[in-house]
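Peer 1: Okay, here's the prediction I keep looking at, along with the sequence it came from:
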Amino acid sequence: MLMGAPVDPRLIVAHQQEVAAFRRGAEQLATPPQLLTIPYEDRTLPAYFFRPAGDDRAGTGRPTLILTNGYDGTAEELYLCSGAAALARGYNVLTFDGPGQGALMIDEGVVFRPDWENVVTPVLDAVLDLPGVDPERVALMGLSFGGYLAPPAATKEHRLAACISDCGPNDLFQATVSRLPGVFARQLPDGSPALLGLLDRVARLVMAKPTAGWALRRNLWVHGVDSPLAYFRMAPDYSLVGLESEITCPTFVCGTDTDDLSAGARTFFDALTCPHEFREFRTADGAGAHCEAGARTAFHQQVFGWLDDVLSLGEVG
């Protein structure tokens, strides 16, 4: 609820406490993670590299899963979302904060960028330099808004063996305007100045509400824009439409039956030309929330079964 500009000091303190608590806990793992600082343009990305319990880094390389987050996630949270499940199946796991996320956003104010391949490439370079990584079996998974970010990375980064898009929008503009009254939605991005001005004022009133306005306050902050109208006009930069044929690695796409953020997942899937798999998770199975939050294990069962087959792993590790 505190995400927004200017940065609330309580958010900074809460994030520092999250990182410190996670690292204290991670030190108790049978194989504690390796803390990395990955070179990225004029700064570094904080990352964790996890190996399965008892891994001594010897022998042949393991399959490795890179996890990328969404709007309000952190590298630490990714371990809990899917990292532990991947480790239990014999995968190495790398989690990181990119632009617009975690430490990079809260501590440094580095906002999102749509060309996520320019983020994933240095991350992948770092992964491939680590011992115990099979360079032919590195996959990328994005969840929530990361479910949008992972596919653009796969369009350019062809060293990836697989891509997984979990409940991401295929088009941020369409996902955004679908929540607006039609009279306003039809004017975006550059329609009636009077109606767009009214939309901006109404959205600002919503933003001022502590609970109802938190998501929009966060959205403006992580994209580095200063008004709702600027956010709506920026959103078309984040679209997978027309990029589908540039993804060549096997791709897993999913959504849920009650999640409007992933409503375009099937459209994205249908346009893919690479080997691809689609799953819709359902409320009847407890997995209908965004990113299958009520039954994450159902997602893991499906996605790791698929990924094991794609990487021809059989019994991993």
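Peer 2: Noted; the coordinates are in hand. Residues are numbered from 1 along each chain as shown.

Peer 1: wait, residue 103 sits on residue 46?
Peer 2: Yes. At 5.1 Å, residue 103 counts as touching residue 46 under the criterion of Cβ atoms under 8 Å. Where you see a C-beta, it was placed from the backbone N, CA and C, and this is true even at glycine.

Peer 1: hey, what's in contact with both of those two?
Peer 2: Common neighbours of residue 103 and residue 46, using Cβ atoms under 8 Å, 6 or more residues apart in numbering, are 75, 97.

Peer 1: got the contact list for residue 161?
Peer 2: Contacts for residue 161 were tallied using Cβ under 8 Å, 6+ apart; they are 136, 137, 138, 139, 249, 250, 310, 311.

Peer 1: how about 7 Å then?
Peer 2: By Cβ atoms under 7 Å, 6 or more residues apart in numbering, the residues touching residue 161 are 136, 137, 138, 139, 249, 311.

Peer 1: cool, residue 311 as well?
Peer 2: By Cβ under 7 Å, 6+ apart, the neighbours of residue 311 are 63, 137, 161, 162.

Peer 1: What does it show for phi and psi?
Peer 2: The phi and psi torsions at residue 311 (degrees, to the nearest 10) take the values phi -90, psi 0.

Peer 1: Same check on residue 53?
Peer 2: Phi and psi for residue 53, reported as degrees, to the nearest 10, are phi -50, psi 130.

Peer 1: Surely it touches residue 30?
Peer 2: Yes. Using Cβ atoms under 7 Å, residue 53 is in contact with residue 30, at 3.8 Å.

Peer 1: Count residues in the vicinity of the nearest residue to residue 163 once chain neighbours are set aside, would you?
Peer 2: Setting aside the residues directly before and after it, residue 163 is nearest to residue 154 in space (Cβ to Cβ, 6 or more residues apart in numbering), at 4.1 Å. Here the number of neighbours of residue 154 (other Cβ atoms under 10 Å) works out to 28.

Peer 1: Could you do residue 96 as well?
Peer 2: Using other Cβ under 10 Å, residue 96 has 30 neighbouring residues.

Peer 1: Next up, phi/psi of it, please.
Peer 2: Main-chain dihedrals, residue 96, degrees, to the nearest 10: phi -150, psi 160.

Peer 1: Need the per-residue pLDDT for it.
Peer 2: pLDDT for residue 96: 98.

Peer 1: quick one: residue 98 and residue 43 touch, right?
Peer 2: No. With contact defined as Cβ under 7 Å, residue 98 does not reach residue 43; the gap is 11.2 Å.
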